[in-house]
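Engineer: could you look at this predicted model? Sequence included:
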Amino acid sequence: MTQEKGKVYLVGAGPGDVAYLTVKAYNLLAAAQVLIYDALVDAQLLQCVPPDCLKLDVGKRGGKPSTTQAEINKLLVKHCQQGKQVIRLKSGDPLIFGRCTSEIEALKASGCDFELVPGISSALAAPLLAGIPLTDPVLSRTFAVLTAHEPEVLDWEALSRLETLVILMGGQHLPEIVDQLVRHGRSHLTPIAIIRWAGTPRQQIWTAQLGNILEQTTELSISPAVIVIGEVVALRKYLQPENIYLDEIIKQEPGERHSQTEPESTPTPQPMLSNFPSSTLPLTGKTILVTRSVGQSSQFSDRLIALGATVIEMPTLEIGPPSSWEDLDDAIAHLSDFDWLIFTSTNGIDYFFERLIAQEKDTRALAGVKIAVVGEKTAHCLKQRSLQPDFIPPNFIADSLVENFPENLHGKKVLFPRVESGGREILVKELTLKGAKVIEVAAYQSCCPSGIPAEAKLALQNRKIDVITFASSKTVQFFSQLTEKIFSNNPDTSQFLEGVCIASIGPQTSKTCHFLFRRVDVEAQEYTLDGLTQALITWATNS
């Protein structure tokens, strides 16, 4: 059989946020077999590739071990010649300080097919997102883009005469940049802006003058940054949009409350995130490992990133069909026999309706059956199927369902589609004590993934994690199982978790944490992802 011909796409990732990725780049990532990416590529872009895509981090960061350019060239050629669709993902645009020439020469020399895909350069995006125009009919009729990676080779006399400068890779050389410009005639009153992590929720902006910018940024980490120097920086106060991002983070989209396997809680008032200005994001400097279900939305991670955190995701829970559909199919075939149908998670709803359709039925088969759900997200999931729940308990815990049930349960027949492994013994017991006949059927099963993503594994081994979040007891159990494989020589997980904050969504999850890890450091007061976010803010503010 003839081997399929490979191809390398040299793709610009834009300034960071996936929203600024081109449509073509997004579609290429979605079909990638091999992803070779730089250090400044935002982590959320790595979620755009298929689960089986080979991801290779070849990023170059100053002062840290780096993959050599020769090694990168060999990787591109190797995987292309294996017939793979290879994405070489570079921050910004691949031909603007992207070191593409060497890679293209290597590909051409080896007869490899390749294509260039443009991206939005941070040199253009960062000033725009900060509200700084690079051109102005009066203040700036020209601008220059330069890299200050090697400031000693630049013609500072010529550069100092230009109206506007956009400098990349200059964070570590800011004192040298200021000194050279002032020595070559630029006024110390010239406005300057430093834009760090442009185009991401972590974006920070400092504005000052050449004469005092060093005082404002001393002992601060300002890399990676785009530096804009010129009179146009002063226009920012007239042109910048209102920064409402933080005000919106905590506003909850319908159905976003967590109810993976054990929605837990009573809502309590919490401080709003808008109390924190963007320059002092409360989770800045914290690396958070988010344990979650495979394929689960990354909205929680996005919130933490927006608050300044570095987030590493670690899938610790796989949801799939039960070992047998027999019991659920039989229950669906006799739905008219039931008085109530209870759902405690969105998974139960999804798999129940999958089997309903498989039996060539629709929601009309539920006529006469009342539906109770636990949690707002579960309720929203049901409403998406054009069904209104007949009862939602006031608290986000399944066990409060019986206590607040709206009618006498004596003699009622209740169908409860649940996870195959069970876990709602108290709920079933209490319903039965109230006189109900409860039929439990397996609708889905949860199991432990086969491995740990390389990024999470390395971070755990090198003790780079500040916080680990758990949103269900199952994620705690499976995290423990997965990490035992890494630390097989020392199965006591309390050793490698020393100094790491363990954050739990609620009491049931905390109970499992105490059993396996002997402690919990942060527990949400409101047992939702919102509540867990707020608990982390409080912890970080007080630590």
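Structural biologist: That came through fine.
Engineer: Three-state assignment for Leu95, please.
Structural biologist: Assigned with DSSP: H, G, I helix; E, B strand; the rest coil, Leu95 falls in the coil class.
Engineer: for Ala30, see how far away Val18 is.
Structural biologist: Remark: distance between Val18 and Ala30 (Cβ to Cβ, to the nearest Å) = 12 Å. No exception for glycine: its C-beta is placed from N, CA and C like everyone else's.
Engineer: any shared contact partners between the two?
Structural biologist: Cys48 (Cβ atoms under 8 Å, 6 or more residues apart in numbering).
Engineer: for these two, indicate the residue with more neighbours.
Structural biologist: Val18 (17 against 11; other Cβ atoms under 10 Å).
Engineer: name the nearest residue to the more buried one, sequence neighbours excluded.
Structural biologist: Spatial nearest neighbour of Val18, excluding adjacent residues (Cβ to Cβ, 6 or more residues apart in numbering): Gln44 at 5.3 Å.
Engineer: so that neighbour is in contact with Leu21, correct?
Structural biologist: No. The pair Gln44 / Leu21 is not scored as a contact, 9.7 Å apart, by Cβ atoms under 8 Å.
Engineer: so where is the stretch 401-543 of the chain shaky, pLDDT-wise?
Structural biologist: The stretch 401-543 of the chain contains residues with pLDDT under 70 at 423, 487-495.
Engineer: can you rerun that using 80?
Structural biologist: Across the stretch 401-543 of the chain, the ranges flagged by pLDDT under 80 are 421-426, 454, 485-496, 543.
Engineer: which stretches in it count as helices?
Structural biologist: For the stretch 401-543 of the chain, the helices defined by DSSP state H, counting those that start in this stretch cover 425-433, 454-461, 473-486, 493-496, 507-517, 529-542.
Engineer: the helices in the stretch 51-200 of the chain, which residues?
Structural biologist: Per DSSP H, counting those that start in this stretch, the stretch 51-200 of the chain carries helices over the ranges 69-81, 100-109, 122-129, 156-159, 174-183.
Engineer: nearest to Phe353, of the ones you listed?
Structural biologist: Closest to Phe353 of the helices of the stretch 51-200 of the chain, according to Cβ to Cβ: helix 69-81, at 41.1 Å.
Engineer: average pLDDT for that closest one, rounded please.
Structural biologist: Summarised as a single mean, pLDDT over helix 69-81 is 94.
Engineer: now do stretch 174-187
Structural biologist: Averaging pLDDT along stretch 174-187 gives 94.
Engineer: low-confidence regions, the stretch 201-350 of the chain specifically.
Structural biologist: Scanning the stretch 201-350 of the chain for pLDDT under 80 picks out 201-202, 219, 238-280, 294-299.
Engineer: quick check: bridge partners of Ile371?
Structural biologist: Counting by DSSP bridges, Ile371 is bridged to Leu341.
Engineer: so what pLDDT did it get?
Structural biologist: pLDDT for Ile371: 96.
Engineer: would JSON lines of the helices of the stretch 401-543 of the chain with mean neighbour count and distance to Gly119 be doable?
Structural biologist: Formatted as JSON lines, the helices of the stretch 401-543 of the chain follow (neighbours: other Cβ atoms under 10 Å; distance: least, Cβ to Cβ, whole Å):
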{"stretch": "helix 425-433", "mean neighbour count": "16", "distance to Gly119": "51"}
{"stretch": "helix 454-461", "mean neighbour count": "17", "distance to Gly119": "22"}
{"stretch": "helix 473-486", "mean neighbour count": "20", "distance to Gly119": "35"}
{"stretch": "helix 493-496", "mean neighbour count": "13", "distance to Gly119": "38"}
{"stretch": "helix 507-517", "mean neighbour count": "19", "distance to Gly119": "40"}
{"stretch": "helix 529-542", "mean neighbour count": "20", "distance to Gly119": "31"}
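Engineer: Val178 is nearest to which of those?
Structural biologist: Ranking the helices of the stretch 401-543 of the chain by proximity to Val178 (Cβ to Cβ) places helix 529-542 first, at 32.8 Å.
Engineer: got the angle between that closest one and helix 507-517?
Structural biologist: Helix 529-542 runs at 60 degrees relative to helix 507-517, counting by axes from the mean of the first three to the mean of the last three Cα atoms, to 10 degrees.
Engineer: show me what helix 529-542 is packed against.
Structural biologist: helix 299-306, strand 467-470, strand 501-504, strand 522-523 (3 or more Cβ pairs under 8 Å, 6 or more residues apart in numbering; DSSP states H and E).
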